[in-house]
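[1] Okay, sequence plus prediction incoming.
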Amino acid sequence: MLRKYSTNRTPGDNIKLGVLAALAAGMVNVASFIIFLSFSSNVTGYFAILATELASGNGQQFLLVGFWVFLYFFGSFISTYMVISLFRDNTYLAHSIPLILEIICLLIVGVYCNYYYNETLLESEILLSLLLFSMGLQNGLTTSISNFQVKTTHLTGATTDLGVLASMLLKKKYRQKKALTDKAKLLAAIILSYIAGGIVFAYFYQIFEYKMFFVIVAVLSVTVTYDLYKIWLVKARVSRHKRKISMDMVFSE
Amino acid sequence: MKNTARLLMILASVIGVIAIYSFTISRIENYEELILGEWAEKQWKYEKVYYRNDMEFVDNAISETDKISAQDGIIFHFAEEWEFLESGKFLFSTNQVTKSARWAIKGRGDILEIRHGDGMCERYTISKLSPHQMVLHFHTDIQVKGITKLTFERK
């Protein structure tokens, strides 16, 4: 999921990354909506609010919403900057750091909500800012490492693309193109996973309340550690193979 | 050298973000302080009117009977006095009967949430909050058609 970059990625890599990241994003978006009554995984609505507040001369709201939009942008910027600066040295590390930063942000929100949150406006605004930044980090990462194939925090583009593909796939000549069917599968998987994340959070929030943030952290931790396990497995295989070759050489001598 | 320049750029970006954030936060009016105190409800009005023939309307203001019968599961406030306490306690009274709940301001300072002891939760969009007047809207969705506007004045 995180070991490969851009065109080296298989459709399977993208689906795995898309499903796990969209699951987390769906949960985060519903979390912010239930707890703070604002969305955190998309900024389209905030652009509309930004314009409205500017037109009505409400400078304070304009600044606040503008800052939220900026945080999402900044998360995406940081994420991509890390990927393009570090991927030649260590691709896995370059792709993991933004997710680790996202995990840290969500842990801060989770711990704070569980032990200190008094539902004041300032707290809500700061915690929501962290969620927006973390979603920017995630979307920037998935978009940059998948060559703009995987976007997991909002579904406007995905729904449009899926609509276009569904229409095209009605014709046999398009159905025979693997790239199109792979893309449709990826988009459908992302959309379903995002919805599932939202449902899971909304349902279990009634029981576990703010502890649900730790579930999101667990989902993201699986995403980060899945490839670590694969790398360990590959390394173990290589060293076993090397041992076998050296043993063969000893016996042949 | 290149790496140092990159690091400096990232550091400058982080400092820039924190500076903008601090500036933004310091510029925001504190609605949680402004709302504190006692308010008297002056008007309840439907702005997008959906009505039955038997409803009585005077300048879009719905009659109190219809307010009560409109739907179960919604708390209708009319001719009430509201009091917001600093502790987060919310007192609302009609005809000398006072009930209590909890209040919080959420969203970007535009949503008033009132939570009752039985788990019921009311949410209002704060359209206007000045030292003397508070205007709230609630979206009743499919339960009652129309956007209801509640106007309060400081007591």
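    Arrived safely, thanks for sending. Since the model is a prediction, treat every value here as computed from it, not as a measurement.
[2] Provide the backbone phi and psi angles at B:Ser93.
    Torsion angles at B:Ser93 (phi, psi; degrees, to the nearest 10) stand at phi -140, psi 140.
[3] again, but for A:Thr10
    Note on A:Thr10: backbone dihedrals following degrees, to the nearest 10 are phi -90, psi 160.
[4] Next: the one 10 residues further on.
    Taking degrees, to the nearest 10, you get phi -70, psi -40 for the backbone angles of A:Leu20.
[5] ditto for A:Asn147
    phi 60, psi 50.
[6] That one is in contact with A:Thr7, isn't it?
    Yes. Here A:Asn147 reaches A:Thr7: they are 6.0 Å apart, a contact under C-beta atoms under 8 Å. In short, each C-beta sits where N, CA and C put it, glycine included.
[7] And B:Ser127, which helix or strand is it part of?
    Using DSSP states H and E, B:Ser127 falls within strand B:121-129.
[8] Is chain A within reach of the next helix or strand after that strand?
    Under the assignment DSSP H and E, the closest C-terminal helix or strand after strand B:121-129 is strand B:133-139. No. Counting by C-beta under 8 Å from any C-beta of the partner chain, chain A has no neighbours in strand B:133-139; the shortest distance is 12.2 Å.
[9] hmm, the strand holding B:Ser127 in reach of chain A?
    Yes. Using C-beta under 8 Å from any C-beta, we find that strand B:121-129 touches chain A at B:Arg123.
[10] if I've got this straight, B:Arg39 is in a helix?
    Careful, residue B:39 is Trp and not Arg. No. Secondary structure assignment (DSSP: H, G, I helix; E, B strand; the rest coil) places B:Trp39 in strand, not in a helix.
[11] and it, what are its bridge partners?
    Per DSSP bridges, the residues bridged to B:Trp39 are B:Trp82, B:Arg154.
[12] Let me see the contact set for it.
    B:81-84, B:134, B:152-155 (C-beta atoms under 8 Å, 6 or more residues apart in numbering or on different chains).
[13] When A:Asn147 and A:Thr7 are compared, which one has more neighbours?
    A:Asn147 (13 against 8; other C-beta atoms under 10 Å in any protein chain shown).
[14] Nearest spatial neighbour of the more buried one, chain-adjacent residues omitted?
    Distances taken as C-beta to C-beta, 6 or more residues apart in numbering or on different chains place A:Ser6 nearest to A:Asn147, at 4.4 Å, with adjacent residues excluded.
[15] Give me the pLDDT for that neighbour.
    We have a pLDDT of 70 for A:Ser6.
[16] Can you get me a residue count around it?
    Other residues near A:Ser6 number 13, with proximity taken as other C-beta under 10 Å.
[17] List the contacts of it.
    The contact partners of A:Ser6, by C-beta under 8 Å, 6+ apart, come to A:145-147.
[18] same thing but at 10 Å, please
    A:83, A:87, A:144-149 (C-beta atoms under 10 Å, 6 or more residues apart in numbering or on different chains).
[19] so of those, which ones are in helices?
    Among these, the members falling in helices (DSSP state H) are A:83, A:144-145.
[20] closest to A:Tyr72 among the residues you listed?
    A:Ser144 (14.8 Å; C-beta to C-beta).
[21] Just give the closest residue to that closest one, not the sequence neighbours.
    What sits nearest to A:Ser144 in space, not counting adjacent residues and going by C-beta to C-beta, 6+ apart, is A:Thr80, at 4.4 Å.
[22] In three-state terms, label that neighbour for me.
    Per three-state DSSP, A:Thr80 ends up helix.
[23] and it, what is it in contact with?
    Contacts were defined as C-beta under 10 Å, 6+ apart; by that measure A:Thr80 touches A:98, A:137, A:139-141, A:143-145.
[24] Fine, thanks again, bye for now.
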